[in-house]
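Novice: Pasted the sequence and its predicted model underneath.
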There are 2 protein chains.
Amino acid sequence: MTLIDQFTSQYGPMSKMDAFGYLKHLDEHPDEPRRHGKIVMVTADTPLKASRGEGKTTTTIALIDALRARGIDAAAVLRQPSMGITAAGSKGGASGGGKASLEHAELVDWGLCGEMGAIEAAQNLLVSFAEKAIDDGLIDTILVPRVSEVPSRSLRHITVDHGKGDVAERVVLTPTCELMQIVVLSHSMEEIGERVAVMVAGTKDGVPVTFGSFIDLWRITNILTDAVKPARTQTRQGSPVYVHCGPFANVSLGIPSLVSVRMACALHDVVVVEAGYGADAGAQKWLDIACREYGAQWPAAAVIVTRATTWRDDPTLSWRYPFHVQRLEMLDIPTFPLINLWEGEDGQVEELRATAKEAEFREPIIGNLFRDGGDALVKQLDPFVRTLEAGSAPAQRHSHRGMSLIENAKWIAEHAYGVPADRVRLRDGFVDSLSDADELCSQLGLSIDDLAFVAVKSPATMTDDDSAPEDRRTVTLKKVEVHAGAGVVQVNLTTSLTTPMPKIV
Amino acid sequence: MTLIDQFTSQYGPMSKMDAFGYLKHLDEHPDEPRRHGKIVMVTADTPLKASRGEGKTTTTIALIDALRARGIDAAAVLRQPSMGITAAGSKGGASGGGKASLEHAELVDWGLCGEMGAIEAAQNLLVSFAEKAIDDGLIDTILVPRVSEVPSRSLRHITVDHGKGDVAERVVLTPTCELMQIVVLSHSMEEIGERVAVMVAGTKDGVPVTFGSFIDLWRITNILTDAVKPARTQTRQGSPVYVHCGPFANVSLGIPSLVSVRMACALHDVVVVEAGYGADAGAQKWLDIACREYGAQWPAAAVIVTRATTWRDDPTLSWRYPFHVQRLEMLDIPTFPLINLWEGEDGQVEELRATAKEAEFREPIIGNLFRDGGDALVKQLDPFVRTLEAGSAPAQRHSHRGMSLIENAKWIAEHAYGVPADRVRLRDGFVDSLSDADELCSQLGLSIDDLAFVAVKSPATMTDDDSAPEDRRTVTLKKVEVHAGAGVVQVNLTTSLTTPMPKIV
């Protein structure tokens, strides 16, 4: 029995991994053998709309299958798809497709091992305890929102205690909630408890009150017992895949749990981490939140997926793909363009290579990954593998801790969206919202500038209007919300939804 | 590998059983060996309040441990405790206590393998599809309620689409919802799909519209893939225990899934089924719904648990325990009184035996089951075991199908609550509510009198006032609600909650 087997349990056709326990064991036993896997980030072009994926998961699966076919011990870490959105038919699953699919995709897409349901119950229980705190006179206003994994447009705005209190409340999607963020970012159950303790339940006479001051934290952590364990499955070709935590990088962190990535790096030589929707959402967050603020490993290479049609067919938006490729290269991340062909596009390869050459890309990787899976990639990966083998482990990048929120927003606008600082606008009300958030933080003994900056925006746009000419693109900051437990500040910008509760279509 | 092993998967420390598959295999292979287990029903005195259990689960566990110590292949089937209620601290868990406990009680009490979360997501998705049906003009009024496993008093009455539609909605506890009832009652995934298809989404111009007319049923059944599988664990002494589906016999079915009981009967000689809260709720429903209307096996014996204090300490309520014992005896169910002693009550045994003799009970079984577990019972079980060995399989009892709803209510009031037909009252508005429900059924092509009658009431009372003198006790019928998919009609009576959404305490 290997070490990791001692931290692994069978859960039906999946395994669940006690990542907390395994990583603790490694920390306490420095001589215990382990790998020091390098991270490859798979991200994508900004999608034309949220429901139209470029094929990040398909690419991730094909990529590890191809790397393993070349004798490299590669594995993938994926985010758990939102079952609610999939079940509602608003979006396909997120478990690859065709030859580049997961085993037991039906489980991955349809609730995995109950993780999301547990996080939903735990966050909603916090709301119930906040209500009790109202009854007990400990708070007079609830700030923590309810959650639902199932999207329902009418939940965007609700009033509870109808006919009596008629209290306006918010309901947000479970994958985007603060407790999900806490599970994503924490390295132990104790850390989860500590973070829940500093979550703000509400206010009493305008002063914030945290959950730690009035609830039994074990009631929340007990619910999360199994939810904190990454699930392990494999691709149809047998390559190992870990699945853990929240999607939706447009409105939340949108990264897999940090422990799932750390664990995979201790078990494999190359770990492919999926980060989407587009590079402006998922990659920005992996780099600027997970790596800069939470110590995750800087990628040794990146792959940016696009479809030929996304890249080219709307000339007003075709600037986005080269922008993403160049941005990551400028961060010293060797960045490989990958064009995921659809049926009937095989004839376009030469033309696509020419366009990539014009854009001064590295030689693009091109294939129909749905049809051919990793076979489409194996022979194209020489430069990619040479890059991985040649590079030393990337250095840690500096944190933005202490940078003022507006400066941070301007830095992100410039670096991730291509909009210079002087075209970052503040919407009416933004300054008040920031001031309120600042005051809340002061009352909690925190500095808002020490929180990690989470951009909340549409997945399909980086700026107020991506179709505008370059010198007229702007980014408008709209609203600020503090998640003290997660240690993040959410900033709504461009065409964000204030309550991400989509209508089903 | 035995046959059942082929239908069993490990889920962490629990097993999950494909009961649908196993029972189908047995049906298709009549020569396949199987047991023909007899059912023992463990029920209880009516509790003084909902949060104070008599010890049904503790008794069930001690009983199977004691039977197995005597060489009898006994197993238990328990209902999944409501994690929301447990986590909120409103009630302890429901996984026994002390020496009569389950292995992995922390999982049983805290969400099992995600079953409740999946059922919650599926029922809430139905509400989202109903909203879409409103947008599409297919319905104009939603009748299916949202659900939450976590109790929250302010959800009793909510309005959604605040500021626009301001639509009043109901939220009920997940364990009590129609989809939970459907999972409890169904024998295959196809049956679940068929039942969901006849669930009423809402109405259009007053005419009911069922989900089957506009949704993809696989979206619902996919979510339920693992939720339909009973979990298997064991007592601390190693006796097999199956756990599956909804608690709360006061406001819903409150019985474990029919397939979990059928499966256990095919695997063991004696199957102890827990039915509570009290005999007026759980036993009434096991007998009158599961057995009479859905073909479950009539019990070969019953055990009715009480605490010495529940039985005796309120003289105005002390009629209830003998009433329950006599009622089950009159149904030809050999009924064994069991007094579950608390710490410091050992000295009361003789006195309790004398009181039982006065009441003309069978010799009571008395012990401190928390402290001593099955050891407290082994030597007292001779008459109980002789009864089980002597009796032939009980005959099926007649259905009430076709009996008018009010006649059925009167029959239950008389037989289960001890209130004669002429003291069953109809509250103002009941006749209208019944008439509306009757009309709904007609429009669906159903007869309301063919639906199984589900009493919705407080767990702590059988009549409008259990403390009143016998000749002044009444039962008031208040409201009727049809669950066409589950095939039941819910009738609120006595001190029922119309929306069972408790405040946490």
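Specialist: Good, I have the coordinates. Numbers count the residues shown, from 1 in each chain, chains lettered A, B, ... in the order given.
Novice: where are the low-confidence patches of the stretch 201-350 of chain A?
Specialist: By pLDDT under 70, the stretch 201-350 of chain A contains no weakly predicted segment.
Novice: which parts of it sit against chain B?
Specialist: Where the stretch 201-350 of chain A comes near chain B, counting by CB under 8 Å from any CB of the partner chain, the residues are A:Asp216, A:Arg219, A:Ile220, A:Asn222, A:Ile223, A:Thr225, A:Asp226. In this view, the C-beta of every residue, glycine as well, is placed from N, C-alpha and C.
Novice: Give the rounded mean pLDDT of stretch A:77-93.
Specialist: Stretch A:77-93 shows a mean pLDDT of 79.
Novice: Is it positioned near chain B?
Specialist: Yes: counting by CB under 8 Å from any CB, contacts between stretch A:77-93 and chain B involve A:Met83, A:Gly84, A:Ala87, A:Ala88, A:Gly89.
Novice: what about burial for the residues you listed, which qualify?
Specialist: The neighbour-count test (16 or more other CB atoms under 10 Å in any protein chain shown) marks A:Met83, A:Gly84, A:Ala87, A:Ala88, A:Gly89 as buried among the residues of stretch A:77-93 next to chain B.
Novice: Surely the third one is in contact with B:Asn222?
Specialist: Yes: using CB atoms under 8 Å, A:Ala87 and B:Asn222 qualify as a contacting pair, with a distance of 7.1 Å.
Novice: coming back round to it: restricted to helices, list the buried ones among the residues of stretch A:77-93 next to chain B.
Specialist: A:Met83, A:Gly84, A:Ala87 (DSSP state H).
Novice: would you turn those residues into TSV with distance to A:Val200?
Specialist: TSV is the format used below for these (distance: CB to CB, whole Å):
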residue	distance to A:Val200
A:Met83	28
A:Gly84	26
A:Ala87	31
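Novice: And the strands in the stretch 401-505 of chain A?
Specialist: Using DSSP state E, counting those that start in this stretch, the strands of the stretch 401-505 of chain A run over A:424-426, A:452-456, A:475-483, A:488-493.
Novice: what comes up buried for the shortest one?
Specialist: So that's strand A:424-426. The neighbour-count check on strand A:424-426 (16+ other CB under 10 Å) flags A:Val424 as buried.
Novice: Show me what that strand packs onto, helices and strands only.
Specialist: Contacts defined by 3 or more CB pairs under 8 Å, 6 or more residues apart in numbering or on different chains; DSSP states H and E place strand A:424-426 against helix A:405-417, strand A:475-483.
Novice: thinking again about what came up before, any residues in contact with both of A:Ala87 and B:Asn222?
Specialist: Residues within reach of A:Ala87 and of B:Asn222 at once, by CB atoms under 8 Å, 6 or more residues apart in numbering or on different chains, are A:Trp110.
Novice: Turn the strands of the stretch 401-505 of chain A into JSON lines, including distance to A:Gly374.
Specialist: JSON lines is the format used below for the strands of the stretch 401-505 of chain A (distance: least, CB to CB, whole Å):
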{"stretch": "strand A:424-426", "distance to A:Gly374": "42"}
{"stretch": "strand A:452-456", "distance to A:Gly374": "33"}
{"stretch": "strand A:475-483", "distance to A:Gly374": "38"}
{"stretch": "strand A:488-493", "distance to A:Gly374": "36"}
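Novice: Switch those over to TSV; also include mean pLDDT and distance to B:Arg236.
Specialist: Output for these, formatted as TSV (pLDDT from 0 to 100; distance: least, CB to CB, whole Å):
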stretch	mean pLDDT	distance to B:Arg236
strand A:424-426	97	62
strand A:452-456	96	45
strand A:475-483	96	41
strand A:488-493	96	43
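Novice: Figure out which of those is closest to B:Gly53.
Specialist: B:Gly53 lies closest to strand A:475-483 among those, at 38.6 Å (CB to CB).
Novice: what angle sits between the closest one and strand A:488-493?
Specialist: Computed with axes from the mean of the first three to the mean of the last three CA atoms, to 10 degrees, the direction of strand A:475-483 lies at 150 degrees from that of strand A:488-493.
Novice: Starting from strand A:475-483, tell me which strands it pairs with and how they run.
Specialist: When pairing is defined by DSSP bridges, strand A:475-483 lines up against strand A:424-426 (parallel), strand A:488-493 (antiparallel).
Novice: Can you add distance to A:Gly344 and give these back as TSV?
Specialist: Shown next, in TSV, are those (distance: least, CB to CB, whole Å):
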stretch	distance to A:Gly344
strand A:424-426	42
strand A:488-493	38
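Novice: Of those strands, which is nearest A:Cys113?
Specialist: strand A:488-493 (26.2 Å).
Novice: Between the helices and strands packed on strand A:424-426, which one is closest to B:Ala300.
Specialist: So among the helices and strands packed on strand A:424-426, strand A:475-483 is nearest, using CB to CB, at 56.9 Å.
Novice: could you pull out the helices for the stretch 201-350 of chain A?
Specialist: A:217-223, A:258-267, A:284-285, A:292-294, A:308-312, A:320-330, A:349-358 (DSSP state H, counting those that start in this stretch).
Novice: how about the ones you listed in CSV, adding mean neighbour count and distance to A:Gly114?
Specialist: Below are these laid out as CSV (neighbours: other CB atoms under 10 Å in any protein chain shown; distance: least, CB to CB, whole Å):
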stretch, mean neighbour count, distance to A:Gly114
helix A:217-223, 19, 11
helix A:258-267, 24, 17
helix A:284-285, 25, 26
helix A:292-294, 19, 26
helix A:308-312, 19, 35
helix A:320-330, 21, 35
helix A:349-358, 14, 42
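Novice: Need these in CSV (columns: distance to A:Arg153).
Specialist: Formatted as CSV, the helices of the stretch 201-350 of chain A follow (distance: least, CB to CB, whole Å):
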stretch, distance to A:Arg153
helix A:217-223, 28
helix A:258-267, 32
helix A:284-285, 26
helix A:292-294, 33
helix A:308-312, 27
helix A:320-330, 29
helix A:349-358, 39
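Novice: For A:Gly238, which of the ones you listed is the nearest?
Specialist: Closest among those, using CB to CB: helix A:258-267, at 15.2 Å.
Novice: Good, wrapping up.
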